[in-house]
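[1] Fold the following and give me the result.
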Amino acid sequence: FESKWQTNFALPQLENFNFPAYVDRLEELSGGRLKVEMFPTGALSPGTDTFTACRDGAFEMGHSTVAYYKGFMPEGQPVTFPFTFRTTDDLHQIWRYGGLKELLEEAYQRNGNILLSMGFHADAPLISTKPVYRASDFKGMKIRTIGTTALWFDNLGAATTYIPGDEVYTALTLGTIEGATWGGANTFLSWKWCEAAKYLIYPGANVRYMSNDFFVNPDAWNSLPDDLKGILQFVTEEFGTNFVQRALYLNAKAEKTMMEDYGLTICHIAEEDYPILTAAAEKVWADFAEENKDNPEVMGMLKLVTDFLRDRGYTDFKVE
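    Numbering: from 1, shown residues only. Okay, here's the model as predicted:
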């Protein structure tokens, strides 16, 4: 089985997150029968089209982000919602034991691909040109971000916008924006945004979350014998769920470098303001529920996630 695989990451991120080791492990455990050629985002199709291009047979495997699928797979969105999961254990428990894996697998299959695993992520903080210590500091702040994260910041009074990643450095330098999100601290160091913005704000809109996914075209999947299906599933699951640990390691190293070499300051929003941050997230969930109230798949996913959060004591929000 020889496969082309387009990922959601640029080349530096692929090296940082050890994607070549994933490819090597597939080949090793399969005795050379699984050979995967890895391509960075945009190499085989536009990055935002990775899911549909894989589904349509342009390549056999994909790695993208569920945040891009709101238009055709809204039931996937709750795993990316702001201020939901708070610990790595939260992710492992809802994925392995809480029914999330099964619901997402069904959603992906309905939409034309086979889900292999999700990438578990560490905190996605804001990098900022000014300090933020209280929730009220976001009011009027110009922030580059995407998806439901933008809705969260909007609910906190910020003015959000979307700017492509390669334009953010200039926008921060010129003051067009005052902050930006894009993964963890390691990403900010890679982009050198820390030259223009000297503050890193915790907690992020997403403390722990699932965003990147690993999937395979159904025809390619069905062509595999059962033993190779098992190897592909096992190695991808191992890689995806361990992703957060590598991210935490890389982010800690990046924070140290940015503080020592670029004069970065890390800010922590006062814990007494966490109810405000939670309320802003609950409004995102409530608006999403109203928008999708007639879609049973969406409401089932939203209920699963918010019931889990309520059981953890993070929220009182309930889907009726």
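[2] remind me, longest helix of this structure?
    helix 226-262 (DSSP state H).
[3] Toward the C-terminus from it, list the very next helix or strand.
    strand 265-268 (DSSP states H and E).
[4] which helices and strands sit right next to that following strand?
    Counting by 3 or more C-beta pairs under 8 Å, 6 or more residues apart in numbering; DSSP states H and E, the packing neighbours recorded for strand 265-268 are strand 199-206, helix 226-262. Heads up, the C-betas are built off the backbone N, CA and C, glycines and all.
[5] Please name every helix or strand in contact with the first one.
    The contact analysis (3+ C-beta pairs under 8 Å, 6+ apart) places strand 199-206 against strand 124-128, helix 147-155, strand 265-268.
[6] Then the last one?
    The elements that helix 226-262 packs onto, with contact taken as 3+ C-beta pairs under 8 Å, 6+ apart, are helix 19-29, helix 88-96, strand 114-121, helix 185-191, strand 209-216, strand 265-268.
[7] let's go with 6 Å and repeat that
    helix 19-29, strand 114-121, helix 185-191 (3 or more C-beta pairs under 6 Å, 6 or more residues apart in numbering; DSSP states H and E).
[8] Serialize these to JSON lines and add fields for mean pLDDT, distance to Tyr249 and mean neighbour count.
    JSON lines is the format used below for the helices and strands packed on helix 226-262 (pLDDT from 0 to 100; distance: least, C-beta to C-beta, whole Å; neighbours: other C-beta atoms under 10 Å):
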{"stretch": "helix 19-29", "mean pLDDT": "95", "distance to Tyr249": "14", "mean neighbour count": "17"}
{"stretch": "strand 114-121", "mean pLDDT": "94", "distance to Tyr249": "13", "mean neighbour count": "24"}
{"stretch": "helix 185-191", "mean pLDDT": "91", "distance to Tyr249": "9", "mean neighbour count": "23"}
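[9] Could you dump those into TSV with distance to Gly71 added?
    As requested, the helices and strands packed on helix 226-262 are arranged in TSV below (distance: least, C-beta to C-beta, whole Å):
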stretch	distance to Gly71
helix 19-29	27
strand 114-121	18
helix 185-191	25
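[10] what's the closest of those to Thr65?
    strand 114-121 (8.7 Å; C-beta to C-beta).
[11] what does that closest one rub up against?
    Here strand 114-121 makes contact (C-beta atoms under 6 Å, 6 or more residues apart in numbering) with 91, 104-105, 108, 209-216, 218, 221, 233, 236-237, 240-241, 243-244.
[12] From the residues you listed, keep the buried residues only.
    Among the contacts of strand 114-121, those scoring as buried are 91, 104, 108, 209-216, 218, 221, 233, 236-237, 240-241, 243-244 (criterion: 16 or more other C-beta atoms under 10 Å).
[13] and Pro78, what does it touch?
    Under the criterion of C-beta under 6 Å, 6+ apart, the neighbours of Pro78 are 301-302, 305.
[14] which one of the residues you listed is nearest Thr50?
    Distances from Thr50 to the contacts of Pro78, taken by C-beta to C-beta, are shortest for Met301, at 21.4 Å.
[15] okay, now the closest one: neighbour count?
    Applying other C-beta atoms under 10 Å, we find 25 residues neighbouring Met301.
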